[in-house]
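Asks: Kindly generate the corresponding structure for this input.
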Amino acid sequence: MRRIHLPPFISLTLLLAAGISPAAEEAIDPKRMANTVVLDETGVQNLGIETTMVEEADFEVSIFALGRIEAIPANRAAVSSRIEGRILELSATLGDSVEKDAPIAKIESRQPGDPPPTITLSAPIGGLVTRSDARLGDPVDPNSPLLEIIDLGEVYAVARVPEHQAGKMQPGTVAHIRVSALPDEAFDGELLRFGTEANRESGTLDAVFRLPNPSGKLRPGMRAEFSVVLDYREGVMAVPREALQGSPADRFVYVADFDLENAYVKSPVVVGQQNDQMVEIVSGLFPADEVVTSGAYSLAFAGKGSVSLKEALDAAHGHEHNADGSEMTAAQKAARDAEMGGGDHGHGHGSSTLTYFFMASTGVLLALLILQSFKNRRPAEAEPLNS
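Replies: Below is the predicted model:
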């Protein structure tokens, strides 16, 4: 049996008449549709949506701990008098910064004399006056210091580390330290030693880090947060911690749709190690994906969003789509217009007339094609009879 080959223009006409577009878009995966949230501009602003690009980078495996800033004991000094007397002059008080050997106070001796002999007290070290019990005219006792000065050029940052984690640390281990009183600054400290004994109630051990403090902003007693680095790996795909949503058994992130504006797809992920800022992604994402960071938690409760997926596809592609995300064909548009009862008379009537014209034209072309095919076959069938 001879196979009939249709000319390209006839094939295209038949496809159009059947309501099939040769470049029709496939329907969107139902699972993707169910997990897509589409917002308008107002919704994006109200939820505070922000995204960041996924990329491979260096990753620090770390543990988190709390602690406080403490003064180094060797950097404390007291100002006191060797003789009894009273304070005649006072050049420094609580909160003042003083230089080494700067005059601090003048003391009038109780020894007889006219005038009585005086001595000047100088700062034994440079630093901050952190305690002062001195006032003009106060009596002076050699056994009672007048001032305390602390050199804050370096301080200790003492972290309370869980006992089972302390064994993974050794002198020289680095910690990234953030102080609540200075939220816009970060400090790096180096582990010097551990405390002499563990806290039985909390199950923690003090880890003492030396921390440079050239600006003097760090003060004893400040609360600190520690990210103690235990390991370092290169080329790890990770996202900010705020991007990760769900329970430990069902982790997911929201990824900005590559095609639709303000559309975000809920994407399951498998996570690896974490630190205080980042989470390793083992699978579920690709480099250059845009994941939602700020506003990710709110998206989980946004339902389908403020815009339908059909509306978003129509706006993005410039033509109409079905509810499943596929492109709406001419036949589907005609059927829709018919169901609407010609609500838009001019457009609906014109669309239906065009569809019927294509169908009629196709029928005529198909009949002519079949007739021509039979004419071509008759001579071929008669040849065996003449031989």
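Asks: Distance from stretch 50-65 to the middle of the chain?
Replies: 8 Å (CA atoms, centre = their mean, to the nearest Å).
Asks: buried set for stretch 42-53?
Replies: For stretch 42-53, burial by neighbour count (16 or more other CB atoms under 10 Å) applies to 43-44, 47, 49, 51. Where C-beta positions appear, they are placed from N, C-alpha and C, glycine not excepted.
Asks: Would you format these as TSV with pLDDT, distance to residue 265 and secondary structure included?
Replies: Below are the buried residues of stretch 42-53 laid out as TSV (pLDDT from 0 to 100; distance: CB to CB, whole Å; DSSP: H, G, I helix; E, B strand; the rest coil):
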residue	pLDDT	distance to residue 265	secondary structure
43	85	16	helix
44	87	15	helix
47	88	16	helix
49	92	13	coil
51	93	12	strand
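Asks: can you redo those as TSV with distance to residue 280?
Replies: Formatted as TSV, the buried residues of stretch 42-53 follow (distance: CB to CB, whole Å):
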residue	distance to residue 280
43	31
44	28
47	26
49	24
51	19
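Asks: now, among these, which is nearest to residue 157?
Replies: Closest approach between the buried residues of stretch 42-53 and residue 157, by CB to CB: residue 51, at 34.3 Å.
Asks: Okay, and the beta partners of the closest one?
Replies: Beta-bridge partners of residue 51, counted by DSSP bridges, are residue 292.
Asks: Surely it touches residue 291?
Replies: Yes - with contact defined as CB atoms under 8 Å, residue 51 counts as touching residue 291 (6.2 Å).
Asks: so what sits against both of the two?
Replies: residue 256 (CB atoms under 8 Å, 6 or more residues apart in numbering).
Asks: Next secondary structure after the helix or strand hosting residue 227?
Replies: Assigned by DSSP states H and E, residue 227 falls within strand 223-240. Toward the C-terminus, strand 223-240 is succeeded by strand 245-247 as the next helix or strand (DSSP H and E).
Asks: who's in contact with that following strand?
Replies: Counting by CB under 8 Å, 6+ apart, 251-254, 296-297, 300 sit against strand 245-247.
Asks: How far away from the center of its chain is the strand holding residue 227?
Replies: On CA atoms, centre = their mean, the centre of strand 223-240 falls 14 Å from the chain's centre.
Asks: Next: stretch 66-74.
Replies: 31 Å.
Asks: 42 is where my numbering starts, stick with that
Replies: Sure thing, new numbering starts at 42, so read that last one as stretch 107-115.
Asks: Buried ones in it, by neighbour count?
Replies: So, applying 16+ other CB under 10 Å, buried residues of stretch 107-115: 108, 110-113.
Asks: Which one of these is nearest to residue 135?
Replies: Distances from residue 135 to those, taken by CB to CB, are shortest for residue 112, at 15.3 Å.
Asks: leaving aside the residues next to it on the chain, what's closest to that closest one?
Replies: Computed as CB to CB, 6 or more residues apart in numbering, the closest residue to residue 112 that is not its neighbour in sequence is residue 261, at 4.5 Å.
Asks: in the chain, which segments are predicted with low confidence?
Replies: 42-74, 344-378, 381-403, 405, 414-428 (pLDDT under 70).
Asks: any idea how far residue 249 is from the residue most central in space within it?
Replies: By CA atoms, centre = their mean, the chain has its centre lying nearest to residue 281, at 3.3 Å. As judged by CB to CB, to the nearest Å, residue 281 and residue 249 stand 30 Å apart.
Asks: Residue 331 now?
Replies: 42 Å.
Asks: give me the number of residues near the residue nearest to residue 112?
Replies: 16 (other CB atoms under 10 Å).
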